[in-house]
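In: Here is my input; please provide its structure:
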Amino acid sequence: MGKVIVSFTMSLDGFIAGPNISPEDAMGEGGERLHDWLFDGSSEIDRDMAREMPANVGAVILGKRTFDLGLPHWEDTPFPAPSFVLTHEKRGPLKMKSAAFTFVNDGVESAVQQAKAAASEKDIIVMGANVAQQLLRAKLVDEIVLQIAPVLLGQGTRLFDEIDETIELKNTRTIQSPLVTHLRYQIL
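Out: I've put the predicted structure just below:
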């Protein structure tokens with residue numbers, strides 16, 4: 001069975017997006033800086049890391065806000081895999097080029113069950129800070145994968161703001177590149 005993985009690039013001060021997120025600026029002001037490692041192309045380590053995750057993705061769980069902000073930029077599912085959108089809105093599936101978005105309005109447990117069924121043996125990637133926090137609080141996450149960008153954004157959206165209990169982790173990988181530090185943690 002694949003793993004449920006919270007995966008984000010964040011600033012050293014814990015922000016996964018800059019302030020003032022909008023449809024035109026989906027990563028917020030200064031937030032695109034976090035993804036320099038993905039687009040720079042100069043580091044073989046970063047190229048390898050960027051290829052690794054999509055190859056293992058069998059499904060995606062994301063929030064409605066991430067869906068609304070991301071869809072115009074992606075013009076497809078964020079990975080070529082079934083994507084499950086946590087929302088209060090009831091609507092039918094939205095078919096795209098690579099897969100479909102299924103809208104889940106009966107909770108995080110249902111989203112994880114549906115994603116696991118769709119992913120088969122592959123991993124499930126979690127997108128969106130609020131959804132990641134909900135899944136962490138519900139103890140439905142197996143791993144946390146972080147890319148720490150060497151920048152202090154000072155404000156924006158924090159990944160772990162709504163976590164109010166201790167979660168023990170085991171570091172299973174640390175890889176440094178000139179543009180980012182890649183970290184992988186198993187949740188104990």
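In: For the chain, which element, helix or strand, carries the lowest mean pLDDT?
Out: Lowest by mean pLDDT, DSSP states H and E among the helices and strands of the chain is helix 44-56, with a mean of 91.
In: excluding its backbone neighbours, what's nearest the residue nearest the centre of the chain?
Out: In the chain, the residue lying closest to the centroid (C-alpha atoms, centre = their mean) is residue 127, at 3.1 Å. Nearest non-adjacent residue to residue 127, counting by C-beta to C-beta, 6 or more residues apart in numbering: residue 62, 4.0 Å away. For glycine as for every other residue, the C-beta is placed from the backbone atoms N, C-alpha and C.
In: Residue 79 sits in which helix or strand?
Out: Assigned by DSSP states H and E, residue 79 belongs to neither a helix nor a strand.
In: since we're on it, how many residues are nearby?
Out: Applying other C-beta atoms under 10 Å, we find 21 residues neighbouring residue 79.
In: Which stretches in this structure count as strands?
Out: For the chain, the strands defined by DSSP state E cover 4-11, 15-17, 57-63, 83-86, 94-95, 100-104, 123-127, 143-149, 157-158, 169-176, 181-187.
In: in the least confident helix or strand of the chain, what's buried?
Out: 46, 49-50, 56 (16 or more other C-beta atoms under 10 Å).
In: Show me the contact partners of it.
Out: 2, 7, 37-38, 40-41, 79-80, 122-123, 125, 145, 147, 175-177, 179-180, 182 (C-beta atoms under 8 Å, 6 or more residues apart in numbering).
In: Between strand 181-187 and it, find me the angle.
Out: Interaxial angle, helix 44-56 versus strand 181-187 (axes from the mean of the first three to the mean of the last three C-alpha atoms, to 10 degrees): 40 degrees.
In: between helix 44-56 and strand 123-127, how many degrees?
Out: 110 degrees.
In: Measure how helix 44-56 sits relative to strand 143-149, angle-wise.
Out: Here helix 44-56 runs at an angle of 150 degrees relative to strand 143-149 (the same axes, to 10 degrees).
In: ok, residue 175 - how many residues close by?
Out: Residues lying near residue 175 (other C-beta under 10 Å) number 14.
In: next one: the one 5 residues further on
Out: A total of 26 residues lie near residue 180 under the criterion other C-beta under 10 Å.
In: what residues are up against it?
Out: Taking C-beta under 8 Å, 6+ apart, we find residue 180 in contact with 9, 36-37, 46, 147-150.
In: Since that was my last question, I'll sign off now.
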